[in-house]
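Peer 1: fold the following for me, if possible:
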Amino acid sequence: MAESCSGDDSSSMSRSSSEEMMKPMSVETFSDASTYRTYKSHNPRRKWTVLVVSVVSFIIFLTFASIYGSEEGDKKEESIEEPQLAQFAELRNLSTYQEPERNCGKRDEAANMTIWNDVVNKTSDLMDDMFTIAIQTYKRPAQLNKTIQHLVENKVPSLYEIVVVWNEVTVEPPSDFMSEHGVLVRYRKSEVNSLNQKFLPDPNYRTQGILLSDDDWNYNTTGDLEWVFQQWRRAGMHRLTGAFARCWTVNEVTETPMYSFKCKDREGYSMILTGLAFTHISYLEYYHSEDDIMASVRKLVDETFNCEDIALNFVTRT
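Peer 2: Below is the predicted model:
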């Protein structure tokens, strides 16, 4: 019996423990006065200080970014710019007078840019406030002496030198001399009798302005000569400026081009004759350059013993 009792006791204990385990767990409830922690600011001003500092820092950052970013962008734009093409040196810029450009067609189709720019650079250091007279002569000593005496009779403020281009190759020229007004008159004997010799850029020239002249023409030296030079400096250094202007027209009989004094219904003259004309020495340098076209032009002038006026006008327009 004892054994049966102990067995019953153990079985009842096991059932009671199982029942205890099967009971639902009690749920703890928290009152409003819970121990859960919440953030509470102890210094409200600090919050606003942090906010202001953050905004200011952001603005400063944007400012620096925009500055350095734009500079970097400009550098990139500069780096991708196309290189500028070489241009012809412009004698017009040497004149103080500015006039409206006329659309007369392209001026640079025939000229060699490299040669032209070289001769302009070569002559740019010469005096621009003085001028030289280049007189071409051939077997007319009496007429030449008369012209020279007229040129040195009065003081011409800007006249630096008179150079006589002596084309009588078999005769020695007179000796150089200094006028009473301090103007040197020197004779340059040509190697050949050629009309191209008047356009020869004498290595001893010291002025940019050259007055080309025949031995039987001259300006009045009491004021006209100086005035013409100053007008050339003011407005004509990029072209021929002189007394003998011409237009060209077509001969009604032969239907060939010809000179004419009449320029009816035209805005200007076609050319200036080189019997009395101011030119820039750069045109003389280019005329006697190694350019193939200029070599052909000089050959034509020598063969025809003519057309030197047209030739130099051609140079000033190309």
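
Peer 1: show residues contacting the host helix or strand of residue 296.
Peer 2: Using DSSP states H and E, residue 296 maps to helix 292-304. Under the contact criterion C-beta atoms under 8 Å, 6 or more residues apart in numbering, helix 292-304 has outside partners 110, 194-196, 286-288, 307-308, 311, 314-315, 318. (Glycine included, C-beta is placed from N, CA and C.)

Peer 1: any buried residues in the next helix-or-strand element following that helix, and which?
Peer 2: Note on helix 292-304: by DSSP H and E, the next helix or strand toward the C-terminus is helix 308-317. For helix 308-317, the neighbour count (16 or more other C-beta atoms under 10 Å) marks 308, 309, 310, 311, 312, 313, 314, 315, 316 as buried.

Peer 1: next up, the contacts around the first one.
Peer 2: When the contact criterion is C-beta under 8 Å, 6+ apart, the partners of residue 308 are 195, 196, 198, 199, 274, 301.

Peer 1: what's the helix or strand for the closest residue to residue 198 other than its chain neighbours?
Peer 2: Closest residue to residue 198 apart from its sequence neighbours, by C-beta to C-beta, 6 or more residues apart in numbering: residue 136 at 4.0 Å. Under the criterion of DSSP H and E, residue 136 resides in strand 127-137.

Peer 1: hey, C-alpha coordinates of that strand in PDB?
Peer 2: Taking Å, rounded to 0.1, in the frame of the first residue of the first chain, the C-alpha atoms of strand 127-137 are listed here in PDB:
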ATOM      1  CA  MET A 127      61.100 107.900 -88.000                       C
ATOM      2  CA  ASP A 128      57.500 108.600 -88.700                       C
ATOM      3  CA  ASP A 129      57.600 112.400 -88.000                       C
ATOM      4  CA  MET A 130      60.100 113.100 -90.800                       C
ATOM      5  CA  PHE A 131      60.200 112.200 -94.500                       C
ATOM      6  CA  THR A 132      62.600 111.600 -97.400                       C
ATOM      7  CA  ILE A 133      62.300 112.800-101.000                       C
ATOM      8  CA  ALA A 134      63.400 110.300-103.600                       C
ATOM      9  CA  ILE A 135      63.900 112.000-107.000                       C
ATOM     10  CA  GLN A 136      64.600 109.800-110.100                       C
ATOM     11  CA  THR A 137      66.500 111.500-112.900                       C
END
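
Peer 1: what residues of whichever helix or strand comes after that strand count as buried?
Peer 2: Per DSSP H and E, strand 127-137 leads on to helix 141-153 as the next helix or strand towards the C-terminus. For helix 141-153, the neighbour count (16+ other C-beta under 10 Å) marks 144, 147, 148, 151, 152 as buried.

Peer 1: residue 188 pairs with what?
Peer 2: Per DSSP bridges, the residues bridged to residue 188 are residue 165.

Peer 1: could you check how far it is from residue 125?
Peer 2: The spacing between residue 188 and residue 125, counted by C-beta to C-beta, to the nearest Å, is 22 Å.

Peer 1: tell me which of these two has more neighbours.
Peer 2: Using other C-beta atoms under 10 Å as the criterion, residue 188 and residue 125 rank with residue 188 on top: 16 against 9.

Peer 1: quick check: that one touching residue 202?
Peer 2: Yes - using C-beta atoms under 8 Å, residue 188 makes contact with residue 202 at a distance of 6.4 Å.

Peer 1: anything in contact with each of these two?
Peer 2: Common neighbours of residue 188 and residue 202 (C-beta under 8 Å, 6+ apart) are residue 163.

Peer 1: so how many other residues sit close to residue 299?
Peer 2: The burial count for residue 299: 11, using other C-beta under 10 Å.

Peer 1: what's the end-to-end length of stretch 158-176?
Peer 2: In stretch 158-176, first residue to last residue: 20 Å (C-alpha to C-alpha, to the nearest Å).
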